[in-house]
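Asker: starting from these lines, generate the structure:
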Amino acid sequence: MKKQAKPAQKTAAIGVDRGGTWTRVAAFDAGLRQVMTARFRTTPLRSLPKKLIPLVSGWPGGASAPLAIATRGAFSRAWKRPFLFKALAAKLNLVEVISDAEAAHFAAFRGKEGILLIAGTGAVVFSGRPGNFKKTGGFNPPSGDPGSGRWLGRQYLKLRGRLAEAGKMGHGRSAAYARKLLLLALDGHGPSTELAARAQEELAGLLKEAAGKSGGAVKVALAGGLISNFHFRQGFIKAARRALRGRRVCFVEAAIPAEEAAARIALLRRKTP
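Answerer: Below is the predicted model of the structure:
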């Protein structure tokens, strides 16, 4: 666990980004300057309060500062939100539990409208703005969301004659094989190159569906492990511009990390009457 302490500055808001590997916690002062940070390996959600309470309580003003937690499955798994509120009640000032998608969207668009495409283990698009999202894709069929890491990983296993193994794997484990397929594609392996291109086209089609038929400019932010692969990302961007030919497409980078986005949302929720 790593910390940076500036005890003279009181905490005004705290954001938590519970990622797949690391959980990042950051405290900010009234000017949204980062004053404290911590990072620890992500563990099951039920153990998160035991990590957060002693950590945040030890920061100046930490126990009373508005706190927002961003975590996967905040809404799809209904027990998570009430569990966190109950576990932290009277100990920390939890004001909001949001999805990782909402944090990523806010990090890119600061609460304004935009389209967030997440391509990692699964593939899903959120359009609109936090609190009024429209979801496109993300149905997670047995074969994986088309174009997703899990879908590509299963395609790799199929190339190797090992598809039967996928049924015994967790989604994340099967998605990890996407990396092997992309490496083969980079080396010029024909079938892998075709599959990578097909995945990019599938994601571009998902984006086109989410963008609708208004004809206006499309502002897009990208997130997820698969889309973070440089070569795959560049191929997807080309496919997306083809799919949305005739419309201006602007790819937006996240200006702030997810934990800061969560802290800013905490401040907004605190100010809401």
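
Asker: tell me where the stretch 51-200 of the chain has helices.
Answerer: Remark: helices assigned in the stretch 51-200 of the chain by DSSP state H, counting those that start in this stretch are 80-88, 100-109, 149-159, 171-175, 178-186, 190-211.

Asker: quick check: which helices or strands does the fourth one pack against?
Answerer: For helix 171-175, the helices and strands in contact under the criterion 3 or more CB pairs under 8 Å, 6 or more residues apart in numbering; DSSP states H and E are helix 149-159. Every C-beta, even on glycine, is put in place using the N, C-alpha and C of the backbone.

Asker: what's the helix it packs on packed up against?
Answerer: helix 171-175, helix 178-186, helix 190-211.

Asker: CSV for those helices, including mean neighbour count?
Answerer: As requested, the helices and strands packed on helix 149-159 are exported to CSV (neighbours: other CB atoms under 10 Å):
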stretch, mean neighbour count
helix 171-175, 18
helix 178-186, 20
helix 190-211, 20
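
Asker: mind checking which of these is nearest Leu163?
Answerer: helix 171-175 (9.8 Å; CB to CB).

Asker: and the closest residue to Trp22 other than its chain neighbours, what helix or strand is that in?
Answerer: Closest residue to Trp22 apart from its sequence neighbours, by CB to CB, 6 or more residues apart in numbering: Arg39 at 5.6 Å. For Arg39, the element it lies in under DSSP states H and E is strand 34-41.

Asker: chain center to that strand: distance?
Answerer: 18 Å (CA atoms, centre = their mean, to the nearest Å).

Asker: in that strand, what's buried?
Answerer: 34-39 (16 or more other CB atoms under 10 Å).

Asker: repeat that for stretch 43-62.
Answerer: Here stretch 43-62 shows 45, 48-49, 51-53, 55-56, 59-62 as buried, counting by 16+ other CB under 10 Å.

Asker: what's near enough to touch Cys250?
Answerer: Neighbouring residues of Cys250 by CB atoms under 8 Å, 6 or more residues apart in numbering: 217-220.

Asker: and if we set it to 7 Å?
Answerer: Taking CB atoms under 7 Å, 6 or more residues apart in numbering as the criterion, Cys250 is in contact with 217-219.

Asker: give me the pLDDT for Gln4.
Answerer: On pLDDT, Gln4 comes in at 51.

Asker: Arg242: helix or strand, and which one exactly?
Answerer: Element membership for Arg242 (DSSP H and E) is helix 230-243.

Asker: which one of the buried residues of stretch 43-62 is nearest Glu113?
Answerer: Nearest to Glu113 among the buried residues of stretch 43-62, counting by CB to CB, is Leu45 at 29.9 Å.

Asker: just to check, Ala210 is in contact with Ser127?
Answerer: Yes: between Ala210 and Ser127 there is a contact under CB atoms under 7 Å: 4.8 Å.

Asker: so Ala178 touches Gly149, yeah?
Answerer: Yes: if you go by CB under 7 Å, Ala178 and Gly149 touch, sitting 4.3 Å apart.

Asker: which neighbours do those two share?
Answerer: Leu226.

Asker: ok, now which ones touch the closest residue to Val56 other than its chain neighbours?
Answerer: Spatial nearest neighbour of Val56, excluding adjacent residues (CB to CB, 6+ apart): Gly62 at 4.2 Å. By CB under 7 Å, 6+ apart, the contact list for Gly62 reads 11, 14, 27, 56.

Asker: just Ser192 next, same as before
Answerer: Taking CB under 7 Å, 6+ apart, we find Ser192 in contact with 181, 184-185.

Asker: and the residues you listed as JSON lines, adding pLDDT and distance to Ile256?
Answerer: Output for those, formatted as JSON lines (pLDDT from 0 to 100; distance: CB to CB, whole Å):
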{"residue": "Leu181", "pLDDT": "98", "distance to Ile256": "32"}
{"residue": "Leu184", "pLDDT": "98", "distance to Ile256": "36"}
{"residue": "Ala185", "pLDDT": "98", "distance to Ile256": "33"}
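
Asker: can you tell me how far the closest residue to Leu203 other than its chain neighbours sits from Ala199?
Answerer: In this structure, Leu203 finds its nearest non-sequential neighbour in Gly147, 4.1 Å apart by CB to CB, 6+ apart. For Gly147, the distance to Ala199 (CB to CB, to the nearest Å) stands at 4 Å.
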